[in-house]
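Asks: curious how this folds, go ahead:
(3 chains, ligands or ions: 4)
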Amino acid sequence: MWEYTDKVTDHFKNPRNVGAVENPDGDGLAGSLACGDALRLTFKLGEEKKIAEAKFQTFGCASAIASSSALTVMLIGKTVDEADQITNADIIDYLGDLPKQKVHCSVMGREALEAAIYNYRTGKTFDKKLDGEVICHCFGATDKEIEKVARGQKLTSAE
Amino acid sequence: MKQSVYVDNNATTAVAPEVTEAMLPFFYEQWGNPSSMHTFGGGVKKHIDEAREKVAALIGAEHPNEIIFTSCGSESDNMAVRGAVDAMGGHPHLITTRVEHAAVLGPCHYLEDKGFRLSTLEVDDAGNLDMEQVREKSMSGKATVASIMWANNETGVIFPVPEIGNLIKEGGGIFHTDGVQIVGKLPISVKDIPVDLLSISGHKLHAPKGIGVLYAQRGTKITPHIMGGHQERGRRAGTENVPYIVGLGKACELALQRMEHDAEHERKLRDRLEAGILASCKGARVNGGGSERLPNTTNISFEYVEGEAILLMLDDVGICASTGSACASGSLEPSHVLRAMDVPRSMLHGSIRFSLSNYNTGEDIDYVLEQIPRIIARLRELSPFAND
Amino acid sequence: MKQSVYVDNNATTAVAPEVTEAMLPFFYEQWGNPSSMHTFGGGVKKHIDEAREKVAALIGAEHPNEIIFTSCGSESDNMAVRGAVDAMGGHPHLITTRVEHAAVLGPCHYLEDKGFRLSTLEVDDAGNLDMEQVREKSMSGKATVASIMWANNETGVIFPVPEIGNLIKEGGGIFHTDGVQIVGKLPISVKDIPVDLLSISGHKLHAPKGIGVLYAQRGTKITPHIMGGHQERGRRAGTENVPYIVGLGKACELALQRMEHDAEHERKLRDRLEAGILASCKGARVNGGGSERLPNTTNISFEYVEGEAILLMLDDVGICASTGSACASGSLEPSHVLRAMDVPRSMLHGSIRFSLSNYNTGEDIDYVLEQIPRIIARLRELSPFAND
Ligand SMILES: Cc1ncc(COP(=O)(O)O)c(C=O)c1O
Ligand SMILES: Cc1ncc(COP(=O)(O)O)c(C=O)c1O
Ligand code: FES
Ligand code: FES
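Replies: Ligands and ions are numbered 1, 2, ... in the order given. The predicted model follows:
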């Protein structure tokens, strides 16, 4: 059994900011598409160009859900440049800790953030090989359904 | 400790109160060493023999001496595979399947690394073996040791062991079957079918964790896995775990009395659970559902949600189950059994195993059926894939 | 069951009531599987970790992860010998002694049969090793795996393990010591001496039969003996025997608290027993008496009488002792330990081992001292040799 901190459990059981922001200023999808974990992050700016709204959708384990939820909370009130400084280590710190094997779930958060900021800055979709930095411990090929969703998001799927 | 509905009986079962009661005198009073010459110790031996008879009765073994007590199902599996190969000598051909328990696959892969030829049979998407493949491999011309499980722990799918045994024996091989999940759940009789070696684990049938059995049919040559003292007629050294042996005997006695009734009870509950979930949750499917299965087990995949998340939400409302999801396992590998069955990736992550015991009630099922749709809906709300 | 004076504690000990109490909740309530994801099962894990810490504390292990729970002392011994040899690869040279327990000699002889070179060191008539021989063998130029016990179960003779360990490590070998008889009886600290692997058995220190430990110093390479699941960090598969693990933890905690006091208590009783018997029976001698010994053990030979007869007459008056080792009792061979010590033939058959525990009292000793001379005299009357 994974040992989760109270904060992880709280963010898993009561995830903050679930869903997708309407007309987002930044929209990013990240994940280990090859294995099916995925995170979509959207945000909208408000006064003084600070992030007023941030929402997530996650297909993944409790750590992935908690990391995403935590990330949205951390984003709100920050400028995009400040947000860009948030690393997966910051997410883990915010949550207290994550089991070693679950660190990649927070990396996914950082990646979705990168993708969303890229989208905000360029208007384009982040087209980096999404599975590149996520260590997927699973094997093999992509699942058609997930591929389809990825294409719907105009994102590059893993081979 | 919070626990309201326990539906994870393929992982472990409650120790039956009758079993604990049977064991207590062997902690408090009769703690002697059965190998001792004095009455105090030596007198304990007859309780071991009685337990041996009860285990033999449950599986239809002709001779109580065919029952070797071990420390767990894993030890039994290791002993069977390595002991049979060693006793056979030379380099027998090993046959196993992709869906075996790690305690069989572990020693098989170890021996493969040492240069033994290993054939790992595939299963189809319903979890069944291709019997033609079994025949072909067992007739490969070399001496064989085959280890093919009776019932699968994750899906409950039952292999046709009598038929498999016949094929292996026709080919002149030694046949081991991991019976850990079937013994105590369905009637079997090793007397009537060609099984040389069969593994049992106590904690799957209401005895404690840490006791097992290897049934070895008379005349089957097997090298001990734990060598030393003369215990278990020189086939398994180590001072006997008298309390657990007695407890396992009691558990086997209870199982024999209750099995028929319990199996029916569990099957009804399981079928209702399965039907209820399929009716209330879109995108759910039963893995191995079309096959012959244990009456207590159902393995259900929920599309676009992740098993660990489901489990933790179930846990939160006091329901204990398990998952084959990668994210839940220490290794982050999804279940090798579901992969062998080519379960689609969108389904692979969200598999939940519910496994019942005689202690489960209709109310347990009602409760699970009340919680599951809510949890799946909640998690699908969070999922980026499920919004279509 | 008749039992008035139990002086056979090297065969097995009474389960301490505190130990049984500590185990009971894990039969009645917390019977979950520690590998489960749900709180009910997973929550049990911390009790295993606590027990691990208590075992580590008793033997002075630096890291609790160096403690691997097994099913008995025999499994620990088998795992140590075969696991170390396998992990080393190639064909290491095996070193052991003539007085080891069968659980070490068994796997050693097995490996010898498979073509490994085995050196079996002799002991002198006091039961001591020739340290020059240890040095010589350990420097033989080949990689070595040495298994040399700490304290002998039959005589209580203690080998100089720190010194032996140094010699083996100087030679670049792996050093295993069977600590089954010393752990819990005398303080040891594996942190301070060069021991790679150490075996422990629960039932020698008031935990139940069927639980053991292999201590494996950090960095020691060892192939698992039971392969499969990820339990014990992948070093020993099989669902954990939670109650016994918790019980062993408790037993170690108690031993640590009481050891100093108990050792003194036992030594006094043992010395009085020994002196009393030597004073009251002609033709008696203590085997290994001149050597450093466990405080609780005395092995006494009575000329011209037969051990089994003595035992049975002792049993008849409620005294539990043993002749040779319990494990050897099936074989009717005189003790391999006494033979290795060249005990004269007239003495070889009449050896009785008295082994005490903290539960023994001064009255126990009085009673044995009262009965022994009468029994020996009676048997000598029957003996054709003793009438001089
Ligand atoms: C020195 C020694 N090693 C190993 C063992 C084996 O321990 P177990 O009976 O737990 O297998 C014993 C006792 O039987 C022993 O005295
Ligand atoms: C099919 C099967 N074989 C072997 C085992 C191993 O049994 P044990 O946990 O007693 O080692 C299990 C359960 O864990 C199992 O389900
Ligand atoms: S299962 Fe999450 S990394 Fe592959
Ligand atoms: S999403 Fe798979 S381990 Fe976290």
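Asks: residue B:303 - nearest residue in space that isn't next to it in sequence?
Replies: For residue B:303, ignoring the flanking residues on the chain, the nearest one in space by Cβ to Cβ, 6 or more residues apart in numbering or on different chains is residue B:283 at 3.4 Å. Backbone N, C-alpha and C define where each C-beta goes, glycine included.
Asks: before we move on, what about residue B:292?
Replies: Leaving out its chain neighbours, residue B:292 is closest to residue B:158 (Cβ to Cβ, 6+ apart), at 4.6 Å.
Asks: might one say that the one you found is in contact with residue B:294?
Replies: Yes. Counting by Cβ atoms under 8 Å, residue B:158 touches residue B:294, with 6.6 Å between them.
Asks: who touches both of the two?
Replies: Contact criterion Cβ atoms under 8 Å, 6 or more residues apart in numbering or on different chains; residues shared by residue B:158 and residue B:294: B:151, B:182, B:186.
Asks: one step back: run a quick neighbour tally on the residue nearest to residue B:303.
Replies: Residue neighbour count, defined by other Cβ atoms under 10 Å in any protein chain shown, stands at 15 for residue B:283.
Asks: what about it, distance to ligand 3?
Replies: Computed with Cβ to the nearest ligand atom, to the nearest Å, the distance linking residue B:283 and ligand 3 is 19 Å.
Asks: what comes up buried for the one helix or strand residue A:67 maps to?
Replies: Following DSSP states H and E, the helix or strand that holds residue A:67 is helix A:62-75. By 16 or more other Cβ atoms under 10 Å in any protein chain shown, the buried positions in helix A:62-75 come out as A:62-72, A:74-75.
Asks: and what of stretch B:16-34?
Replies: Along stretch B:16-34, the positions that meet the burial threshold by neighbour count (16+ other Cβ under 10 Å) are B:16, B:19-20, B:22-24, B:26-27, B:30-34.
Asks: of those, which is the nearest to ligand 1?
Replies: Nearest to ligand 1, judged by Cβ to the nearest ligand atom, of the buried residues of stretch B:16-34 is residue B:33 at 8.0 Å.
Asks: any idea which element that closest one lies in?
Replies: Using DSSP H and E, residue B:33 sits in no helix or strand.
Asks: now do the contacts for it.
Replies: Shown here is residue B:33, whose contacts under the criterion Cβ under 8 Å, 6+ apart are B:41, B:44, B:239, C:8, C:11, C:12, C:203, C:209, C:326.
Asks: excluding covalently adjacent residues, which one is nearest to the third one?
Replies: The spatially closest residue to residue B:239, leaving aside those adjacent along the chain, is residue C:209, at 4.7 Å (Cβ to Cβ, 6+ apart).
Asks: so the one you found touches residue B:245, yeah?
Replies: No. Contact criterion Cβ under 8 Å: residue C:209 and residue B:245 do not qualify, at 9.6 Å.
Asks: tell me who's in contact with the closest residue to residue B:139 other than its chain neighbours.
Replies: Taking Cβ to Cβ, 6+ apart as the measure, residue B:139 lies nearest to residue B:171, with 4.9 Å between them; neighbours along the chain are not counted. With contact taken as Cβ under 8 Å, 6+ apart, residue B:171 is in contact with B:138, B:139, B:140, B:144.
Asks: what number of residues lie near residue B:221?
Replies: Residues contacting residue B:221 under the criterion other Cβ under 10 Å number 13.
Asks: check which helix or strand residue B:376 maps to.
Replies: Taking DSSP H and E as the criterion, residue B:376 maps to helix B:362-382.
Asks: and that helix, does that touch chain C?
Replies: No. Interface with chain C: helix B:362-382 contributes nothing (Cβ under 8 Å from any Cβ of the partner chain), its closest point being 13.1 Å away.
Asks: how about that helix: buried residues?
Replies: Using 16+ other Cβ under 10 Å as the test for burial, helix B:362-382 gives B:364-365, B:367-369, B:371-373, B:375-376, B:379-380, B:382.
Asks: what packs against it?
Replies: Helix B:362-382 sits against strand A:51-59, strand B:5-6, helix B:242-280, helix B:307-316, strand B:319-320, with contacts defined as 3 or more Cβ pairs under 8 Å, 6 or more residues apart in numbering or on different chains; DSSP states H and E.
Asks: among these, which is nearest residue C:97?
Replies: Each of the helices and strands packed on helix B:362-382 has some distance to residue C:97 by Cβ to Cβ; the shortest is helix B:242-280, at 30.1 Å.
Asks: hmm, that closest one in reach of chain C?
Replies: Yes. Helix B:242-280 reaches chain C (Cβ under 8 Å from any Cβ) through B:242, B:243, B:244.
Asks: could you do stretch A:100-111 as well?
Replies: No. For a cut-off given as Cβ under 8 Å from any Cβ, stretch A:100-111 has no contacts with chain C; the smallest distance is 11.7 Å.
Asks: so for that stretch, mean pLDDT?
Replies: Averaging the model's pLDDT scores along stretch A:100-111 yields 87.
Asks: in PDB, list the C-alpha atoms belonging to it.
Replies: What follows is the C-alpha trace of stretch A:100-111 in PDB, where atoms were taken according to Å, rounded to 0.1, in the frame of the first residue of the first chain:
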ATOM      1  CA  LYS A 100       9.300   7.400  -5.000                       C
ATOM      2  CA  GLN A 101       7.500   5.400  -7.600                       C
ATOM      3  CA  LYS A 102       4.800   8.000  -7.900                       C
ATOM      4  CA  VAL A 103       7.100  11.000  -8.700                       C
ATOM      5  CA  HIS A 104       6.300  10.700 -12.400                       C
ATOM      6  CA  CYS A 105       2.700  11.600 -11.600                       C
ATOM      7  CA  SER A 106       3.900  15.000 -10.500                       C
ATOM      8  CA  VAL A 107       6.100  15.300 -13.500                       C
ATOM      9  CA  MET A 108       3.000  15.000 -15.600                       C
ATOM     10  CA  GLY A 109       1.700  18.100 -13.800                       C
ATOM     11  CA  ARG A 110       4.800  20.100 -14.700                       C
ATOM     12  CA  GLU A 111       4.500  18.900 -18.300                       C
END
